[in-house]
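Asks: Predicted coordinates and the sequence they were generated for:
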Amino acid sequence: MLIALTGGIGCGKSTVAKRLVELGATEIDADVLAREVVAPGTEGLSAVVAAFGEDLVASGELNRALLAQRAFASSESRKLLESILHPRIQALAKERMRGLDGLIVYTIPLLVEVGDKLGFEKVVTVSCPEEVRVQRLISSRAMTESDARARIAAQASDSQREAIADYVIDSNCTLDELNSKVETLYKELVGESK
C-alpha cells in the first residue's frame with residue numbers, strides 16, 4: 001500500500017515517518033530525493049545553476065541556504081525551482097518504489113502544491129498550529145521568526161492539506177501521545193492493505 005505523508009514545515013512529519021518505519025513501513029522521503037536530484041554532476045544541479053546563478057555552487061556542492069533565499073523571494077522564483085525539481089523527484093520516487101511491497105510511506109511536504117502524480121492509496125496529513133510550528137523551526141532549525149513564517153506562508157495551509165487527507169494526525173501533543181496516534185494509524189493502514 002502506497003500512502004502519502006504530508007504536512008507543512010515544522011509540523012512533525014519526520015517524527016511520524018520515523019515511527020511508521022520503526023513499526024515496519026518503508027519510507028521514501030521527497031526531501032531526500034530533492035537533495036539527490038541536485039547532487040554534484042546531476043542535470044538537476046545544472047538546471048538550478050542556470051536558473052538561479054553560478055554562485056550557488058561552491059566546491060561542487062549546492063549552497064541550499066542561498067538557493068532557498070532566492071527561491072522563496074517570490075512566488076515566481078519558487079515556481080521556477082519547483083518546475084525544475086518536481087519532475088525529477090517524481091521520476092526518482094517511481095524508480096525507488098519499484099519492487100517494494102508492504103506499507104510504503106512517501107513523505108511529501110508539497111502534496112497539495114504538486115498533486116498526486118504517484119497514485120497514492122491513502123493520504124495522511126500531520127497538522128499543528130502555526131505558532132507551534134514557528135517555535136519548532138526557531139528552536140530546531142535556527143530559523144528567524146520571519147524566515148519561519150515566510151516558509152509556512154509559501155506552503156499550502158493545514159486546511160488545504162486536511163481537505164485531501166484520509167487521516168489527520170494532530171502533532172500538538174507529547175511525543176508519547178504522538179507515537180500512540182501513529183501506532184493506531186499503522187494498525188488501520190496495515191489492516192486495510194490486507
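Replies: Okay, I see it. Residues are numbered from 1 along each chain as shown.

Asks: which SS class is Gly8?
Replies: Under DSSP: H, G, I helix; E, B strand; the rest coil, the three-state class of Gly8 is coil.

Asks: contacts for the helix or strand harbouring Gly191?
Replies: According to DSSP states H and E, Gly191 maps onto helix 175-193. With contacts defined as C-beta atoms under 8 Å, 6 or more residues apart in numbering, helix 175-193 is touched by 1, 3, 12, 15-16, 19-20, 23-25, 102-103, 121-122, 124, 167, 169-171, 173. For every residue, glycine as well, the C-beta is placed using N, CA and C.

Asks: ditto for stretch 153-172
Replies: 6-9, 11-12, 15-16, 72, 75, 78, 109-113, 122-129, 132, 178, 181-182, 185, 188.

Asks: So which bits of that stretch are buried?
Replies: Under the neighbour-count criterion of 16 or more other C-beta atoms under 10 Å, stretch 153-172 has Gln155, Ala156, Asp158, Arg161, Glu162, Ile164, Ala165, Tyr167, Ile169, Asp170, Ser171 buried.

Asks: for stretch 122-137, same thing?
Replies: Lys122, Val123, Val124, Thr125, Val126, Ser127, Cys128, Glu130, Arg133, Val134, Arg136, Leu137.

Asks: In helices, which of these appear?
Replies: Glu130, Arg133, Val134, Arg136, Leu137 (DSSP state H).

Asks: who are the neighbours in contact with the closest residue to the last one other than its chain neighbours?
Replies: Nearest residue to Leu137, sequence neighbours excluded (C-beta to C-beta, 6 or more residues apart in numbering): Ala148, at 3.9 Å. Taking C-beta under 8 Å, 6+ apart as the contact definition, Ala148 lies against Ile9, Gly10, Arg133, Val134, Leu137, Ile138, Arg141.

Asks: from those, which has minimum pLDDT?
Replies: Taking the contacts of Ala148 together, the minimum pLDDT is found at Arg141 (87).

Asks: So what's the residue count around that one?
Replies: 12 (other C-beta atoms under 10 Å).

Asks: Can you give me the domain assignment for this structure?
Replies: Annotated domains of the chain cover 1-25+103-194, 31-101 [automatic domain parsing].
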